[in-house]
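# No letters, just coordinates:
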RNA sequence: GUGGCUGUAGCUCAGCUGGCAGAGCACCUGUCUGUGGAACAGGAUGUCGCGGGUUCAAGCCCCGUCAGCCACCCCA
């Protein structure tokens, strides 16, 4: 065996062997189907942006700690995009007067964050982003949630396996007002809420008191977070749930006052989808409503609603639930074998004819022992192998072997394309 | 960025208180000079992650480093 030392890949990057590529494409296809079924247009932005673009927008941590930044050969600070929203804001701003509203855009592409890699989190990942820009209405928010649900349905995640949890930041702010929690403490309280599910109740309570809450405020906060009926007191959420009901997705969606979301720019509805079956409750996707999207990139005020889904967690969830389609190694179901060197041209000619008639065909590239060629076709999961040996060539025939049933018949050379098509059609 | 666990054949892993580097699967060859999936027989395979140290002797002990995993942090 080779003793070569293989140059390692960059830490946290992903290598997509055909099987992993099939998984990524599966997620992409389902995201596209969900997006397009609601009329969204596909778009994309640069993978490299200036550091400046992110400095004003995204959460502090995201830029300072997690951005993949470097200096280019010209001395400019550039960043591998850690998220899409700032690029979206700029691109919208540049054509703000020309676009047709509501803008409905979706995208699927690579992102980079300089984090410590572990399961479900790498430094390089693919993300589905989808946004509606323009209208401010609970019904628009509901549409995005319905798209998330559509994706879940398309991949086979039913309400027993995964669910979308919804909250509203304005509602929470008004509740925090009632508890006399000052504005400057809101971020702290948000983090506190995010952390609650990960800590034991008494440890969390202690932590909250140390963070500056009074016992009264803590009691109020707990009561608030336990109140699953709170949405009924907030008009936007009442309308949101009515819309979700009309869209037929309400069994997938629940109100949950514990959903806060770290990103600063969310201003209204926020939501996250979780896998209910896994040991770790990790968010599959998350999003919400944001206002003043364009404020920092020089556009006029415009609000929107959207969400993002990473391929890493989504892939794990699908795998753990047995929802990934079986990997089919060969895109071509037919193999043309090469019986001997002297029949190579015959075999190539046959494979070319079959492709001409629209059939996906692989040619075996050399005259290996026929058994080896069959073994190859078997490992590649192919359906049909064709053999052109001395007997067949002499009689203008081709031996056609059904690799699934094991049956083999000889067919007149001229009838081969039709015969293969019928076999592949299941006849 | 902080703390912990792990790293041995292509893969999954065993390897005792330091004493000749192992198994299963996969692979190759043959049984089978016109046929895959099965069976049987045989065969090849290692910088024991990397670098240093201790020792007569290190896969095993010590230090460092890299990578993966887990928990924080954050989030997709």
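Thanks, I have it. The structure displayed is predicted, hence computed values, not measured ones.

# Assign a three-state SS to residue A:136, would you?
Recorded secondary structure, residue A:136: coil (DSSP: H, G, I helix; E, B strand; the rest coil).

# Quick check: chain neighbours aside, which residue is closest to it?
residue A:303 (5.3 Å; Cβ to Cβ, 6 or more residues apart in numbering). (Glycine included, C-beta is placed from N, CA and C.)

# Which elements pack onto the host helix or strand of residue A:348?
Per DSSP states H and E, residue A:348 falls inside helix A:344-356. Using 3 or more Cβ pairs under 8 Å, 6 or more residues apart in numbering; DSSP states H and E, the elements in contact with helix A:344-356 are strand A:334-336, strand A:361-363, helix A:416-424.

# Turn the ones you listed into a markdown table, including distance to residue A:316.
Shown next, in a markdown table, are the helices and strands packed on helix A:344-356 (distance: least, Cβ to Cβ, whole Å):
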| stretch | distance to residue A:316 |
| --- | --- |
| strand A:334-336 | 34 |
| strand A:361-363 | 32 |
| helix A:416-424 | 34 |
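
# looking at those, which is closest to residue A:139?
Proximity to residue A:139 (Cβ to Cβ) singles out helix A:416-424 among the helices and strands packed on helix A:344-356, at 46.1 Å.

# just the angle between the closest one and helix A:344-356, please?
Here helix A:416-424 points in a direction 60 degrees away from that of helix A:344-356 (axes from the mean of the first three to the mean of the last three Cα atoms, to 10 degrees).

# In helix A:416-424, which residues are buried?
A:416, A:417, A:419, A:420, A:423 (16 or more other Cβ atoms under 10 Å).

# Helices of the stretch 251-400 of chain A, residue ranges please.
Under the criterion DSSP state H, counting those that start in this stretch, the stretch 251-400 of chain A carries helices at the ranges A:311-320, A:344-356, A:370-379, A:390-394.

# What of the stretch 51-200 of chain A?
A:51-56, A:60-64, A:85-94, A:138-155, A:169-178, A:186-196.

# In terms of mean pLDDT, which of the ones you listed ranks lowest?
In terms of mean pLDDT, the lowest-scoring of the helices of the stretch 51-200 of chain A is helix A:60-64 (a mean of 60).

# just the residues of the stretch 301-427 of chain A that are near RNA strand B, which are they?
With Cβ under 7 Å from any atom of the strand as the criterion, the stretch 301-427 of chain A meets RNA strand B at residues A:308-310, A:312-313, A:339, A:370-372, A:374-375, A:377-379, A:385, A:387, A:389-392, A:399, A:401-406, A:408.

# Now a ChimeraX select for only the buried ones of the residues you listed.
Selection of buried members from these for ChimeraX, criterion 16+ other Cβ under 10 Å:
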select /A:308,309,310,312,313,339,370,374,377,385,387,389,392,399,401,403
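
# Domains in chain A, by residue range?
What automatic domain parsing lists as the domains of chain A is A:18-320, A:334-424.

# I'd like to know which of the ones you listed has the weakest mean confidence.
Among the domains of chain A, domain A:18-320 scores lowest, at a mean of 88.

# Relative to RNA strand B, how far out is residue A:334?
According to Cβ to the nearest atom of the strand, to the nearest Å, residue A:334 stands 13 Å off from RNA strand B.

# OK, contacts around that residue?
By Cβ atoms under 8 Å, 6 or more residues apart in numbering, the contact list for residue A:334 reads A:354, A:359, A:360, A:361, A:362, A:382, A:383, A:384, A:385, A:386, A:420, A:424.

# Looking at these, state which has the most neighbours.
When neighbours are taken as other Cβ atoms under 10 Å, the top entry among these is residue A:386 (25 neighbours).

# Need the nearest residue in space to it, chain neighbours excluded.
Leaving aside its chain neighbours, residue A:386 sits nearest to residue A:336 (4.9 Å; criterion: Cβ to Cβ, 6+ apart).

# right, and that neighbour touches residue A:361 too?
Yes. At 6.1 Å, residue A:336 counts as touching residue A:361 under the criterion of Cβ atoms under 8 Å.

# anything in contact with each of those two?
Joint contacts of residue A:336 and residue A:361 (Cβ under 8 Å, 6+ apart) are A:351, A:354.

# Residue nearest the middle of chain A, spatially speaking?
residue A:311 (3.9 Å; Cα atoms, centre = their mean).
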